[in-house]
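Visitor: Here is my input; please provide its structure:
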Amino acid sequence: MSNKLEQLKQMTLVVADTGDLDAIRRYQPTDATTNPSLLLQALELPAYQPLLQQAWQEAQEKQISVYDSFAALLACQVQQQVPGYVSVEVDARTSFDTQASLERARQMIAGIQKAGGDPERILIKLASTWEGIKAAEQLEKEGIRCNLTLLFGFAQARACADAGVTLISPFVGRILDWYKAQNPEADYTGQKDPGVQSVQRIYRYYKERGYKTIIMGASFRNLGEIEALAGCDRLTISPKLLAELEADSKHLECQLSPQQQPQDREAALTEAEFRLALNDDAMATEKLADGIRRFIVDLEKLEAQVEKNCR
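Guide: Numbers count the residues shown, from 1 in each chain. Now for the predicted structure:
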């Protein structure tokens, strides 16, 4: 019998959650995702030092963010290894500024195109704040595809679908983290995992109402979460968990299927309705804020490390 990674690829599009080119070459995913945290990890790898120096020089010459330069160059490298999308994150410090998010996203796309990358195979990652969703709505109209990340609550998923974004990334593992912190003794294995349940709910809602937005489960803590979401549109998985899937030859059963009973779409959420619903969800509110803070911390560490290495 084929291993679980091969079985999963038959029912779900597998995405590598890494900027490590060696890992991408090994597991041969269709897509790849990056973020400031993953780029910070990449700085430690010797193979990336020439790219880092190039990014630093370009940033100095063009007076642009070294993160934007490095992210664009790395995206071009990753595109050479995967046939599908590469997700690249916009500076998280713009998460509550629609106009700034638009400007940085357009700048990122221009940088990737100038570096020889294919803008048609780039997903611009934006935090699933109201401002980020509104920026994505405009970018999609301009032909720039978006991946709405740091998605924890159902209101975020609804607003993203209404905005017509290409893809969303519900953070399964971070949802589990929150519930485990609240109730350490509870059994959250398999189908009891609240992160898994969140993605299942979004999946049913999208498929029943005919939304084209792709659902890509992210931030997994264990194989059980991945197995419980087998059949989801896409799953972005770390190299560690890809290795575990590859080493396991047990049968993997499909859990999600797009055949759903059609239902009429609800009216799009207003800004006030979105903010109230998000505020009413303590987990989503706290994890969204925490996620933005974490990305900013790693982004600033990356900038400091690049300056230290390249000056």
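
Visitor: Can you report how many residues lie near residue 264?
Guide: Neighbours of residue 264 under the rule other CB atoms under 10 Å: 7. Where C-beta positions appear, they are placed from N, C-alpha and C, glycine not excepted.

Visitor: Show me what the helix or strand of the chain with the lowest mean pLDDT is in contact with.
Guide: Lowest on mean pLDDT, DSSP states H and E among the helices and strands of the chain sits helix 36-42, with a mean of 81. With CB atoms under 8 Å, 6 or more residues apart in numbering as the test, helix 36-42 has contacts from 17-20, 48, 67, 70-71, 74, 89, 92, 294-296, 298-299, 301-302, 305.

Visitor: so how far is stretch 271-285 from its chain's centroid?
Guide: Relative to its chain's centre, stretch 271-285 lies at 21 Å (CA atoms, centre = their mean, to the nearest Å).

Visitor: That stretch: which residues count as buried?
Guide: 274, 277, 278, 281, 283, 284 (16 or more other CB atoms under 10 Å).

Visitor: Select from those residues every entry located in strands.
Guide: Counting by DSSP state E, the buried residues of stretch 271-285 place none of their members in strands.

Visitor: Can you name the two of those residues that sit furthest apart?
Guide: 274 and 283 (16.1 Å; CB to CB).

Visitor: which among the contacts of helix 36-42 end up buried?
Guide: Using 16+ other CB under 10 Å, the buried members of the contacts of helix 36-42 are 17-20, 48, 67, 70-71, 74, 89, 92, 294-295, 298-299, 302.

Visitor: Of those residues, just say which sits nearest to residue 31.
Guide: Comparing the buried ones among the contacts of helix 36-42 against residue 31 with CB to CB places residue 17 closest, at 9.9 Å.

Visitor: give me every residue that touches the closest one.
Guide: If you count contacts by CB under 8 Å, 6+ apart, residue 17 has them with 32, 33, 38, 218, 236, 237, 238, 239.

Visitor: so of the residues you listed, which ones are in helices?
Guide: Within the contacts of residue 17, residues falling in helices by DSSP state H are 38, 239.

Visitor: Tabulate the contacts of residue 17 (a markdown table), appending distance to residue 254 and neighbour count.
Guide: Below are the contacts of residue 17 laid out as a markdown table (distance: CB to CB, whole Å; neighbours: other CB atoms under 10 Å):
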| residue | distance to residue 254 | neighbour count |
| --- | --- | --- |
| 32 | 24 | 28 |
| 33 | 23 | 28 |
| 38 | 29 | 18 |
| 218 | 19 | 27 |
| 236 | 18 | 23 |
| 237 | 17 | 29 |
| 238 | 22 | 19 |
| 239 | 24 | 16 |
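
Visitor: Between the contacts of residue 17, which sits nearest residue 144?
Guide: Using CB to CB, residue 33 comes nearest to residue 144 of the contacts of residue 17, at 16.6 Å.

Visitor: Is that closest one in contact with residue 218, as I believe?
Guide: Yes. Assessed by CB atoms under 8 Å, residue 33 is found in contact with residue 218 at 7.4 Å.

Visitor: Find residues that contact each of those two.
Guide: Common contacts of residue 33 and residue 218 (CB under 8 Å, 6+ apart): 17, 169, 236.

Visitor: What degree of burial does the second one show, as a neighbour count?
Guide: Spelled out, it's residue 169. For residue 169, the count of nearby residues is 27 (other CB under 10 Å).

Visitor: where's it, which helix or strand?
Guide: Secondary structure from DSSP states H and E places residue 169 in strand 167-170.
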